[in-house]
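Colleague: Whatever this is, show me its structure:
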Amino acid sequence: MISEKLPAPVQAYFAGKRDNDIDAMLGPFAEDAVVHDEGKEMRGLPEIREWMQETISKYRYTVEVMAVEERSVTTSVTCRLTGAFPGSPLDVTYAFALNDAKITSLQIS
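Modeller: Numbering: from 1, shown residues only. Here you go, the predicted structure:
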């Protein structure tokens, strides 16, 4: 299974995402993590939590991990998003940077 190839923090993020469990999704993030999504930047756990709550309620989507690519400083995960948004389903890339077993940044494109 592709998700078994993911580093533990990324695997925990997607497990939480599968269940729409915001606490589980937020758990692997560092206190000062940064997320870039839809032209916005969210800094720190309170802003990231708010972004998670907003996207779950706004788009009501599911995520299927399609491919994983380990790079020198990032783990890129290609996912298929299916939900209540134009162009659904849509393939996107989640690029994670990790430090000390925590997600320090996430770029979604």
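
Colleague: what residues does the lengthiest helix in the chain touch?
Modeller: When the chain is parsed with DSSP state H, its longest helix is helix 44-59. Applying Cβ atoms under 8 Å, 6 or more residues apart in numbering, the contact partners of helix 44-59 are 20, 22, 25-26, 29, 31-33, 35, 37, 40, 42, 61, 81, 83-85. In short, each C-beta sits where N, CA and C put it, glycine included.

Colleague: Whichever of those end up buried, select them in ChimeraX.
Modeller: In ChimeraX, a selection of the buried entries from those looks like this (16 or more other Cβ atoms under 10 Å):
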select :22,25,26,29,33,35,37,42,61,81
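
Colleague: taking the contacts of helix 44-59 one by one, which sit in helices?
Modeller: Cross-referencing those against helices under DSSP H gives I22, M25, L26.

Colleague: Any chance of TSV for these, columns distance to S109?
Modeller: Formatted as TSV, these follow (distance: Cβ to Cβ, whole Å):
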residue	distance to S109
I22	22
M25	19
L26	21
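
Colleague: just for this protein, where's the confidence low?
Modeller: Along the chain, the parts satisfying pLDDT under 70 run over 1-4.

Colleague: Okay, strands next: where are they in it?
Modeller: With strands called from DSSP state E, the chain shows them at 29-37, 40-43, 62-70, 75-82, 90-99, 102-108.

Colleague: Turn these into CSV, including distance to A15.
Modeller: Formatted as CSV, the strands of the chain follow (distance: least, Cβ to Cβ, whole Å):
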stretch, distance to A15
strand 29-37, 14
strand 40-43, 21
strand 62-70, 11
strand 75-82, 13
strand 90-99, 14
strand 102-108, 13
